[in-house]
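Asker: When you get a sec, could you give me coordinates for this:
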Amino acid sequence: MKVEPVAVIGAGPAGLAAAMQLARMGISARLLERADPGGLLLNAHWVENYPGFPDGLSGPDLVRLMRRHAESFGAVLTKDEIVSIVDEDKVFRIKGRARNYLARRIVLASGTKARGPAGCEIPPEMEGRIHTEVVALREASGLRIAVVGAGDAAFDYAIGLSERNDVTLLKRSAGVRCLSLLRERAAKNACIDIRNHVNVLRLAPVPSGGASVCGTWKGSDFRLDVDAVIFAVGRDPETGCLSRELLENIPVLRASGRLFPAGDIHNGLCRQASIAAGDGIRAAMEIHRLMKEAGE
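Answerer: I've put the predicted structure just below:
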């Protein structure tokens with residue numbers, strides 16, 4: 001089996017930027033992505049802090065430009081879900097659903113995964129009606145949608161979905177965890193109803209195919225029937241393809257120049273496309289330097 005010089009795991013902003021920069025420098029890289037390229041950026045209604053776009057643009061539009069940019073230098077996307085990565089004698093064995101790969105170095109840009117609705121009872125028959133990503137509802141129109149959360153993502157989702165739907169934003173407190181400009185835009189939006197002090201305890205199916213959101217509101221029983229529910233209650237690093245041993249060994253692999261975490265997977269709350277793209281470029285440039293020094 002061919003040993004790739006570099007494998008890039010994930011085609012969000014970090015992975016696309018790494019693949020683009022590697023291709024620019026003449027380094028062959030295998031860019032692996034299980035779904036459509038873009039990662040979390042596909043959820044973004046409006047990106048207004050990416051340098052070079054003073055008027056802002058939608059997350060999907062920015063993804064299209066990033067992909068076109070990477071492909072213009074010859075980067076090629078391989079669609080495959082990576083299920084495990086094993087370090088074997090200075091070569092990574094990467095197991096995918098479709099096939100296996102070998103690579104000397106990895107840019108780990110697998111992003112994040114959404115947290116589930118902890119503490120909320122959801123019957124099994126409602127699986128598939130509850131969302132943690134906005135992508136599936138992006139083209140929805142005329143629906144009543146509940147967004148649960150109080151951070152930037154929850155407000156951004158609510159503002160985007162309100163263009164063609166009625167949105168109720170459910171927050172546990174009156175506190176603000178999002179940017180003030182997002183809160184102000186949502187407050188002025190006639191299609192967004194912001195409810196503070198709502199504790200969502202369970203969901204129940206309704207005959208129309210939607211959901212009944214049940215819980216408490218200011219100490220009283222609360223119920224809201226909607227067509228769809230999105231939980232935007234936080235995200236965790238997507239490390240499902242890494243064994244515990246590999247996960248614990250990341251600092252050593254990083255120091256030895258064999259594995260480069262890039263983007264949201266290691267940036268905590270700093271989940272910004274511009275930061276992720278910079279991470280990808282940095283990883284590619286470090287790999288280029290190391291390969292040059294090693295005479296590869």
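
Asker: Show the average pLDDT along stretch 56-71.
Answerer: When pLDDT is averaged along stretch 56-71, the result is 97.

Asker: swap that for stretch 37-44, sorry
Answerer: In this model, stretch 37-44 has an average pLDDT of 95.

Asker: for that stretch, the distance to its chain's centre please.
Answerer: In terms of Cα atoms, centre = their mean, to the nearest Å, the centre of stretch 37-44 is found 6 Å from the chain centre.

Asker: do stretch 27-44 as well
Answerer: Mean-position distance between stretch 27-44 and its chain equals 10 Å (Cα atoms, centre = their mean).

Asker: Please identify the buried residues of that stretch?
Answerer: Across stretch 27-44, burial judged by 16 or more other Cβ atoms under 10 Å covers 27, 29-34, 37-44. C-beta: built from backbone N, CA, C; applies to glycine.

Asker: Closest one of those to residue 189?
Answerer: The shortest gap between residue 189 and any of the buried residues of stretch 27-44 belongs to residue 44, at 17.4 Å (Cβ to Cβ).

Asker: The closest one is in contact with residue 58, isn't it?
Answerer: Yes. Contact criterion Cβ atoms under 8 Å: residue 44 and residue 58 qualify, at 7.0 Å.

Asker: quick one: contacts for residue 286?
Answerer: For residue 286, the residues meeting the contact criterion (Cβ atoms under 8 Å, 6 or more residues apart in numbering) are 257, 260.

Asker: Doesn't it belong to a helix?
Answerer: Yes. If the criterion is DSSP: H, G, I helix; E, B strand; the rest coil, then residue 286 is within a helix.

Asker: how much space between it and residue 40?
Answerer: Residue 286 sits 24 Å away from residue 40, going by Cβ to Cβ, to the nearest Å.

Asker: Next: residue 152.
Answerer: Distance, residue 152 to residue 40, using Cβ to Cβ: 12 Å.

Asker: Okay, helices next: where are they in the stretch 51-200 of the chain?
Answerer: Using DSSP state H, counting those that start in this stretch, the helices of the stretch 51-200 of the chain run over 59-72, 152-161, 180-188.

Asker: what secondary structure does the most centrally placed residue in the chain sit in?
Answerer: Using Cα atoms, centre = their mean, the residue of the chain that lies closest to the mean C-alpha position is residue 40, 2.5 Å off. When classified by three-state DSSP, residue 40 comes out as helix.

Asker: Looks like it contacts residue 271 (just checking).
Answerer: Yes. With contact defined as Cβ under 8 Å, residue 40 counts as touching residue 271 (6.5 Å).

Asker: anything in contact with each of the two?
Answerer: Common neighbours of residue 40 and residue 271, using Cβ under 8 Å, 6+ apart, are 112, 235, 264.

Asker: Can you report how many residues neighbour residue 161?
Answerer: 24 (other Cβ atoms under 10 Å).

Asker: With the one 5 residues further on instead?
Answerer: Neighbouring residues of residue 166 were enumerated by other Cβ under 10 Å; the total is 16.

Asker: what do you get for the one 3 residues further on?
Answerer: Burial of residue 169 is recorded as 26 neighbouring residues (other Cβ under 10 Å).

Asker: for residue 30, what are its contacts?
Answerer: The contact partners of residue 30, taken as Cβ under 8 Å, 6+ apart, are 4, 6-8, 78, 101, 103.

Asker: Which strand residues bridge it?
Answerer: residue 7 (DSSP bridges).

Asker: And the pLDDT at it?
Answerer: On pLDDT, residue 30 comes in at 97.

Asker: what do you get for residue 208?
Answerer: Reading off the model, residue 208 has pLDDT 80.

Asker: show me what contacts the residue nearest to it when sequence neighbours are not counted?
Answerer: What sits nearest to residue 208 in space, not counting adjacent residues and going by Cβ to Cβ, 6 or more residues apart in numbering, is residue 227, at 7.2 Å. By Cβ under 8 Å, 6+ apart, the residues touching residue 227 are 143-145, 208-211.
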